[in-house]
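Engineer: Predicted model, plus sequence, below.
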Amino acid sequence: MTHEAPALAPPTTSPKTAPAPAPRPPRTRGGRHGSRWTPWLYLAPALLVLAALLVYPIYQLGLISFLEYTQAQVSGGEPTTFKGLDNYRTLFADAQFRQVLLATVVFAAACVVTTLAVGCALAVLLTRIRALPRLALMLAALGAWATPAVTGSTVWVFLFDPDYGPVNRLLGLGDFSWTYGRFSAFALVLFEVVWCSFPFVMVTVYAGIRAIPTEVLEAASLDGASQWRIWRSVIAPMLRPILIVVTIQSIIWDFKVFTQIYVMTAGGGIAGQNLVLNVYAYQKAFASSQYSLGSAIGVVMLLILLAVTLVYLRLMRRQGEEL
């Protein structure tokens, strides 16, 4: 007896159901405009502080540079008059100002190059020595970094004093005066500026080197590369963003140096031979009561620093570095 299989019913096709619509996110008050202004609302407190501490003083500096503003105007004896660009014409027509400007540029460039060289060399050295010498070098560098500029300048003047300083005795220089000659005085100030500035470069670059994978450095060493080749071809390209920051900081700090020159050369050296722009502006504004000329010098310094920084950043961008 055979049993026939029951006939299968044809499959029923159900109509395709559309997916349920996703719930709409709640609309915030203000829509797109609200989200666009949200970052600025977070930045507003910091921008207000910067405006109060930076923008307004720069505005006042620029305003005074266009006025006739001396002790007579400060005391109310004479009215303040608008002079336009006359203060800048007077400034650039002054041979002493041009000489001081050139000396400032050369001195700042020497300080920046020396500071970067010493800081980077010691940063590499920190990666090569043991823990105890590394700790001693770090503490010594941080001590120099934390020393106030006036204190450090006074100590360096004593160390190189022709009568009581130990440096002249060790070098057999007798009563040689470092602050008498123009170039020796600039060299002495350069030593002090580098001494108090290299720790920032050293610590920053050392932190960057420690962040580089050790496999990269070991591979370069196994390939037979020298320490200089490893620095030039491996470490320096990887530390370029850090080097950009420390270079710009060094340019700003060294270009506007004041305390070291004022303390170590007694206000600018014999007959002003060691004047830099910051000390020259101080003399014009406060010693001679020519506040408008002092403000004009400050504006010139600000424009030079902005120009140098922008040119440096543009050169880095042309080399493919993201800033």
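Structural biologist: Perfect, I can see it now.

Engineer: Which positions within the helix or strand hosting Val189 qualify as buried?
Structural biologist: Using DSSP states H and E, Val189 maps to helix 182-211. By neighbour count with 16 or more other Cβ atoms under 10 Å, helix 182-211 contains the buried residues 185-186, 188-206, 208-209. No exception for glycine: its C-beta is placed from N, CA and C like everyone else's.

Engineer: same deal with stretch 159-171?
Structural biologist: Applying 16+ other Cβ under 10 Å to stretch 159-171 flags 159-161, 165, 167-168 as buried.

Engineer: In helices, which of the residues you listed fall?
Structural biologist: Judged by DSSP state H, the buried residues of stretch 159-171 include 159, 167-168 as members of helices.

Engineer: Could you dump those residues into CSV with distance to Ala219 and pLDDT added?
Structural biologist: Converted to CSV, these look like this (distance: Cβ to Cβ, whole Å; pLDDT from 0 to 100):
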residue, distance to Ala219, pLDDT
Leu159, 45, 94
Val167, 45, 94
Asn168, 49, 92
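
Engineer: What residues of the host helix or strand of Arg317 count as buried?
Structural biologist: Secondary structure assignment for Arg317, by DSSP H and E: helix 291-318. By neighbour count on 16+ other Cβ under 10 Å, the buried set for helix 291-318 is 291-301, 304-305, 308, 316.

Engineer: One more: stretch 47-59?
Structural biologist: For stretch 47-59, it's none, nothing buried (16+ other Cβ under 10 Å).

Engineer: Which residues does it contact?
Structural biologist: Leu302 (Cβ atoms under 8 Å, 6 or more residues apart in numbering).

Engineer: what do you get if the cut-off is 10 Å, keeping everything else the same?
Structural biologist: Stretch 47-59 is contacted from outside by 40, 43, 298-299, 302, using Cβ atoms under 10 Å, 6 or more residues apart in numbering.

Engineer: Show the average pLDDT along stretch 138-155.
Structural biologist: Mean per-residue pLDDT for stretch 138-155: 94.

Engineer: any chance of the buried residues of stretch 159-171 in a markdown table, plus distance to Glu215?
Structural biologist: Listed next are these as a markdown table, based on distance: Cβ to Cβ, whole Å:
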| residue | distance to Glu215 |
| --- | --- |
| Leu159 | 45 |
| Phe160 | 47 |
| Asp161 | 52 |
| Gly165 | 49 |
| Val167 | 45 |
| Asn168 | 50 |
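
Engineer: Hmm, Leu275 is touching Gly269, no?
Structural biologist: Yes - counting by Cβ atoms under 10 Å, Gly269 is a contact partner of Leu275 at 7.1 Å.

Engineer: how far does stretch 267-282 stretch from start to finish?
Structural biologist: 10 Å (Cα to Cα, to the nearest Å).

Engineer: What residues sit buried inside that stretch?
Structural biologist: Buried, per 16+ other Cβ under 10 Å, within stretch 267-282: 268-269, 273-282.

Engineer: hang on, the earlier thing: quick check: of the contacts of stretch 47-59, which lies closest to Val150?
Structural biologist: Comparing the contacts of stretch 47-59 against Val150 with Cβ to Cβ picks out Gly298 as the nearest, at 21.7 Å.

Engineer: For that closest one, give its distance to Ile244.
Structural biologist: For Gly298, the distance to Ile244 (Cβ to Cβ, to the nearest Å) stands at 26 Å.

Engineer: and if you look at Ala108?
Structural biologist: 17 Å.
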